[in-house]
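Participant: The sequence isn't on hand, but the structure is:
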């Protein structure tokens, strides 16, 4: 197996991505477990580079601001759907939807389970984490990349939606770096909240230390503790 790019290394080619087009646009109501409700336009696409079924959720009015707020959210079945506390994906998704709906923008829900390694491999990595490895060490112990995500399809989706300049909602510098390499104008990077608990604080420390996520963590984080870094 050829060596895969490690986390933080841009996998883009340094120029604009191939053209994709809108396939379907349909309005759907969203409702979260805490009762928050909002309406989104769900958009699907033809011609995405990786052939995956990524979807864009258009929230509020993206044209109301010169640079709409955008989040690239990688699918996490365990966190987004089942509420697993091993990661912060579910709370980040919930926060992102409300913040984007308030200002106007788009959430790209990308089919990149486990930072691109897939659900079964992610659960295999969980078993190695239980044995003492951090999230990145577990991936490499399985012969997989620390972070296998490529955001070419995300850039295609944004272009198809007519979004040029944007503000990016993320703690991950690789997302902004890849989008810029792909010709997307990222005006500002807005940090997400930090949702630290006893169950995920080791995971969050690994992200901050190994791949330079902008996460301000307390020395001790108890259940339900969090600090919101709105920007």
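Facilitator: Cool, got the structure. Just so you know, these numbers come straight off a predicted model, no measurement behind them.
Participant: The closest residue to residue 39 other than its chain neighbours: how many residues sit nearby?
Facilitator: Among residues not flanking residue 39 along the chain, residue 29 sits closest, at 5.5 Å (Cβ to Cβ, 6 or more residues apart in numbering). Every C-beta, even on glycine, is put in place using the N, C-alpha and C of the backbone. Residue 29: 8 surrounding residues under other Cβ atoms under 10 Å.
Participant: next one: the one 3 residues further on
Facilitator: Counted by other Cβ under 10 Å, the residues lying close to residue 32 total 13.
Participant: Provide a list of residues in contact with it.
Facilitator: 94, 97 (Cβ atoms under 8 Å, 6 or more residues apart in numbering).
Participant: circling back: part of a strand, is the residue nearest to residue 39?
Facilitator: Yes: Residue 29: assigned to a strand according to DSSP: H, G, I helix; E, B strand; the rest coil.
Participant: quick one: it and residue 37 touch, right?
Facilitator: Yes: in this structure, residue 29 is within contact of residue 37 by Cβ atoms under 8 Å, at 6.5 Å.
Participant: hang on, the earlier thing: next one: the residue nearest to residue 39 relative to residue 69, how far apart?
Facilitator: 21 Å (Cβ to Cβ, to the nearest Å).
Participant: Which strand or helix spans the residue nearest the centre of the chain?
Facilitator: The chain has residue 73 as the residue nearest its centroid, 2.6 Å off, counting by Cα atoms, centre = their mean. Using DSSP states H and E, residue 73 sits within strand 69-74.
Participant: in its sheet, what does that strand sit against?
Facilitator: Sheet partners assigned to strand 69-74 using DSSP bridges are listed as strand 105-110 (parallel), strand 165-169 (parallel).
Participant: Name the residues of the last one that come out as buried.
Facilitator: For strand 165-169, burial by neighbour count (16 or more other Cβ atoms under 10 Å) applies to 166, 167, 168, 169.
Participant: Since that was my last question, I'll sign off now.
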